[in-house]
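S.K.: Give me a model of this one.
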Amino acid sequence: MKIFGSELTRAELATRTGDLSAVAGIRQVVLDNGLERGVRAIDLRTAAGLEVEVLVDRAFDLGSVRYRGMPLGWRSGNGFRHPGLHEHNDEGGLSWLRALDGLLVSGGLDHTLFGGEVEATGYAYPPKQSVSHGLHGRLTAIPARLLEAREIVDGDGSSVLRVVGEVVQATSFGEHLRLTRSIELDFDGREIRLHDVVDNLGFERTPHMFLYHLNFGWPLVDEGTEFVASIDSTLWASDSVAAQGVSYRKLPQPQKGFIEQVFEHELVADAEGRHRVALLSADSRLGVEVSWDAAGMPHFFEWQNLRSGQYAIGLEPSTHHVAGDAAARDDGSMIWLEHGDTREYRTTIRVLEGTEATDTVRRSIRAAGDQPE
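M.R.: Okay, the predicted model is just below:
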């Protein structure tokens, strides 16, 4: 392992400290003030300087993420509010926006994108002819059950920090879906690896939609920050794009009153069947690459929230097109899970340091396909 510039085996490192958690490790904490009070979290730290906060009580999502003390994940000002404060159907279904904070906010498990009312007779409960959904579903405000939090040491001495949790979204006479999420960081690593498995514990045919709202903020997101992707076409853009004319490729400085811009890009998968996108700083000395299995999440949205005091970019792999739940049912693209059916998702978030690393990623992403102006 590379530890603070030195190549050391685990045994050699052990001779230099009585507790390896001084270098990297896992710590369980409980947030204890304001609207975050009572929220369980797990802090993971690597020897390379990557710090990741896993919010156990917010669907095992990712909260604050830092690299060598510098924030990468976006903070909205909402805070990591206790799930007991969440009101799913408040504000016309837009109350999800009060929970939007941190690097990863997951949408699902039976609904993502904008809300509405859809048919629910398949659950065979006469009083429930339809179900009402809010923005990005119910998953965000469901606490997880912690299954594992430990360091795994392989036979060759390499070490992985691993946490595993499960989130169950269920109601009587309705969906009964489970998300099992594994998060891994190498002891000396600069990347976060997510492995999600969604399965249907119920005995009714149940819709499944899933989305990652991966949110990045300043200082990675700043004037001149470049979004890099291999794009076959842009299938859809919000009306605000034509009105404001801000490029999807390079970002301006924060703008007062900016109206969010959303693009649905049709990405080109690489030779390994993965979609890859990156955000690179204006001077190319810092970046983040996000990659995932294209088969699991074939769709992708770019969210630009460049408003002063908000200023973020969201990279959003998705199981479904932007048109959402009702459209997916109409065109046959809805994913239906029978009892015992599973879906798997694998995603990697990697920190890029230095111009050599960012240039290499830019070239390799563009090698899969062009990126139109």
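S.K.: Could you give the average pLDDT over the lengthiest helix in the chain?
M.R.: Counting residues, the longest helix in the chain under DSSP state H turns out to be helix 355-368. Average pLDDT, helix 355-368: 96.
S.K.: likewise stretch 320-330?
M.R.: Mean predicted confidence for stretch 320-330 is 96.
S.K.: measure that stretch end to end?
M.R.: 13 Å (Cα to Cα, to the nearest Å).
S.K.: let's number from 5 now, not from 1
M.R.: All set: I'll call the first residue 5, so the last point we hit is now stretch 324-334.
S.K.: returning to that earlier point: show me what counts as buried in the longest helix of the chain.
M.R.: Buried residues in helix 359-372, counting neighbours by 16 or more other Cβ atoms under 10 Å, are found at 361, 362, 365, 366, 369, 372. Using the backbone N, CA and C atoms, a C-beta is placed for each residue, glycine as well.
S.K.: what do you get for stretch 16-36?
M.R.: 17, 24, 27, 28, 29, 30, 35.
S.K.: Check the offset of that stretch from the chain's centre.
M.R.: Here the centre of stretch 16-36 is set off from its chain's centre by 26 Å, with Cα atoms, centre = their mean, to the nearest Å.
S.K.: got a list of contacts for that stretch?
M.R.: For stretch 16-36, contacts defined as Cβ atoms under 8 Å, 6 or more residues apart in numbering pick out 5, 7-8, 12, 14, 41-51, 84, 153-155, 163, 165, 167, 191-192.
S.K.: And stretch 117-135, by the same measure?
M.R.: Contacts of stretch 117-135 (Cβ under 8 Å, 6+ apart): 96-98, 111, 115, 136-140, 177-178, 208-210, 213, 215, 322, 324, 326-330, 333.
S.K.: Against which helices or strands is the longest helix of the chain packed?
M.R.: Counting contacts by 3 or more Cβ pairs under 8 Å, 6 or more residues apart in numbering; DSSP states H and E, helix 359-372 is packed against strand 230-233, strand 278-284, strand 290-297.
S.K.: Show me the helices in the stretch 255-377 of the chain, by range?
M.R.: Using DSSP state H, counting those that start in this stretch, the helices of the stretch 255-377 of the chain run over residues 329-335, 359-372.
S.K.: Throw these into CSV and include distance to residue 296, thanks.
M.R.: Converted to CSV, these look like this (distance: least, Cβ to Cβ, whole Å):
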stretch, distance to residue 296
helix 329-335, 20
helix 359-372, 13
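S.K.: rewinding a little: just the buried ones from the contacts of stretch 117-135?
M.R.: The buried subset of the contacts of stretch 117-135 - by 16+ other Cβ under 10 Å - is 97, 111, 115, 137-140, 178, 208, 210, 213, 215, 322, 324, 326-330.
S.K.: just checking, which of these belong to strands?
M.R.: 111, 137, 210, 215, 322 (DSSP state E).
S.K.: Quick check: residue 101 is in a helix.
M.R.: Yes - under DSSP: H, G, I helix; E, B strand; the rest coil, residue 101 sits within a helix.
S.K.: Now do the contacts for it.
M.R.: 82, 95, 139.
S.K.: 10 Å instead, please
M.R.: By Cβ atoms under 10 Å, 6 or more residues apart in numbering, residue 101 lies in contact with 80, 82, 95, 138, 139, 140.
S.K.: cool, and residue 330?
M.R.: 117, 118, 120, 121, 122, 123, 137, 338.
S.K.: okay, those in JSON lines with pLDDT next?
M.R.: As requested, the contacts of residue 330 are exported to JSON lines (pLDDT from 0 to 100):
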{"residue": "117", "pLDDT": "95"}
{"residue": "118", "pLDDT": "94"}
{"residue": "120", "pLDDT": "90"}
{"residue": "121", "pLDDT": "94"}
{"residue": "122", "pLDDT": "95"}
{"residue": "123", "pLDDT": "95"}
{"residue": "137", "pLDDT": "94"}
{"residue": "338", "pLDDT": "98"}
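S.K.: hang on, the earlier thing: and the contacts of residue 101, which is the shakiest by pLDDT?
M.R.: residue 95 (90).
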